[in-house]
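[1] Sequence and predicted structure are below.
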Amino acid sequence: MSTFKAPKGTYDLTPPDSAKYLAVREAIAAPLKNSGYGYIETPGFENVELFSRGVGESTDIVTKEMYTLTTKGGDHLALRPEGTASVLRAALEANLHKAGNLPVKLWYSGSYYRYERPQKGRYRHFSQVGAEAIGTEDPALDAELIILADQAYRALGLRQFRILLNSLGDKECRPLYRDALQAFLRGLDLDEETARRIEINPLRVLDDKRAEVQKQLVGAPLLRDYLCDACKAYHEEVRALLTTAAVAYEDDEKLVRGLDYYTRTTFEFVHDGLGSQSAVGGGGRYDGLSEMIGGPALPSVGWALGVDRTVLALEAEGITLDIPSTTAVFAVPLGEEAKRVLFAVVTRLRRSGVAADLSYGSKGLKAAMKAANRSQARFALVAGERDLAEGLLQLKDMESGEQEPIALDSVVETLTSRLS
Ligand code: AMP
């Protein structure tokens, strides 16, 4: 029988590499936990309409990339392609916004699913850590989130990333810009699908990666010239706060992002070592999303950083994370009786908070010491019948290679003090 393989566009995280992913998730979450963001977890699937209304009917994510299914009970569900709509839905459902403490600040971490053409850095199952600040219009929040993402990337050691920043305007000024852009785009020579996009979501045409399209876009009206005074002032404040925090960014007038819900501030973190899939994270303000999914007006801002691409970015910069070995003590029993004794020792060590492991099965000394080496333990504890008869164990320092007998009675105390 042929063995099963992970589905196309997916991959498994296995040790030792999986430790890197955990470390990246933790590094991204740490500044959020430190800044008033509470942890939220939502289901891996939602009603399809949440995304078609929230993310946008005309976006690639909704029209081409969603994994949808109909249950036996007739529910139309979609595996979540992104986090924001779900988090806002959950916050509304739990009435978090009514607790009187706005903004509601939340962070999350999980799996997302998009039916995309797989390539390096683009998968059908990927992982994000995200943050949302719900219910408050305040440029300081937009700046806070950008600063926290920057802090997370810097803590990981990343340096070759850039922050692209733009404002998409609001419901006052964006429609004027939209009209002007549509008029410009209608005069271009574009394929049928793009022509359709002009009518549904003209801003997305600016995002078209094809050179022949980009060439024609030279001279397109820029949103910057249409921003209303309120949006302009808001954007200036975000920029000023970032500058004061010494977070460098680049103004990018063409940054529109692939989701319909964004208003005002939008930003993307791009990494220069990743080739075509260079966006490691992105986000922005979504003041209208709550109303789009049936809630009250709740101006909000958030981001999601891709864990997979952040790991690729680390590799591109040649950064190895300092991940401490998980096992401190590795026990090597020689014989049945020694196994029973060391099993009990390992259990006691673990209960006292020392990370310990044991050589299982009936390996000989050589194979067991190899296992001890592989575990990267600081100490090996070797027990043979003769030592045990005298109430002793051999403690081997795996760094110096030195070995000495220690008393079985006080093994836990000895090891805790040596490891501290
Ligand atoms: P988006 O919601 O498309 O802005 O995605 C936010 C981040 O999630 C991106 O910057 C990527 O790091 C990551 N991401 C999105 N789609 C994928 C994918 N198909 N494979 C891997 N990472 C992804």
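    All right, it came through fine. Quantities reported herein were computed from a predicted structural model and do not represent experimental measurements.
[2] hey, where'd the helices end up in the stretch 151-300 of the chain?
    Assigned helices in the stretch 151-300 of the chain, in chain order: 174-186, 192-200, 211-216, 229-244, 289-292 (criterion: DSSP state H, counting those that start in this stretch).
[3] now residue 288, nearest residue through space, not along the chain?
    In this structure, residue 288 finds its nearest non-sequential neighbour in residue 263, 6.0 Å apart by CB to CB, 6 or more residues apart in numbering. (Glycine included, C-beta is placed from N, CA and C.)
[4] That neighbour reaches residue 290, doesn't it?
    No. The pair residue 263 / residue 290 is not scored as a contact, 11.6 Å apart, by CB atoms under 8 Å.
[5] Need the winner for burial among the helices of the stretch 151-300 of the chain.
    helix 289-292 (a mean of 20; mean count of other CB atoms under 10 Å).
[6] one step back: nearest to the ligand among the helices of the stretch 151-300 of the chain would be which one?
    Closest to the ligand of the helices of the stretch 151-300 of the chain is helix 289-292 (CB to the nearest ligand atom; 13.4 Å).
[7] So in terms of bridging, what pairs with the residue nearest to residue 288?
    Beta-bridge pairing of residue 263, defined through DSSP bridges, involves residue 285.
[8] show me what contacts it?
    For residue 263, the contact set (CB atoms under 8 Å, 6 or more residues apart in numbering) comprises 168, 169, 170, 171, 174, 284, 285, 286, 287, 288.
[9] Those, buried ones only, as a ChimeraX selection?
    Here is the ChimeraX command that selects the buried residues among the contacts of residue 263 (16 or more other CB atoms under 10 Å):
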select :168,169,170,174,284,285,286,287,288
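[10] And the contacts of residue 263, which is closest to the ligand?
    Nearest to the ligand among the contacts of residue 263 is residue 284, at 9.2 Å by CB to the nearest ligand atom.
[11] quick one: the closest one from residue 399, how far?
    Counting by CB to CB, to the nearest Å, the separation of residue 284 from residue 399 is 49 Å.
[12] confidence score at residue 12?
    Per-residue confidence (pLDDT) for residue 12: 98.
[13] go on, residue 83?
    pLDDT, residue 83: 96.
[14] ok, and the closest residue in space to it that isn't next to it in sequence, which helix or strand is that part of?
    Nearest residue to residue 83, sequence neighbours excluded (CB to CB, 6+ apart): residue 130, at 4.5 Å. Taking DSSP states H and E as the definition, residue 130 sits inside strand 125-134.
[15] Please apply the same query to residue 21.
    helix 18-33.
[16] Which strands and helices lie in contact with the next helix or strand after that helix?
    Per DSSP H and E, helix 18-33 leads on to strand 38-39 as the next helix or strand towards the C-terminus. Based on contacts counted as 3 or more CB pairs under 8 Å, 6 or more residues apart in numbering; DSSP states H and E, the elements that strand 38-39 packs against are strand 104-113.
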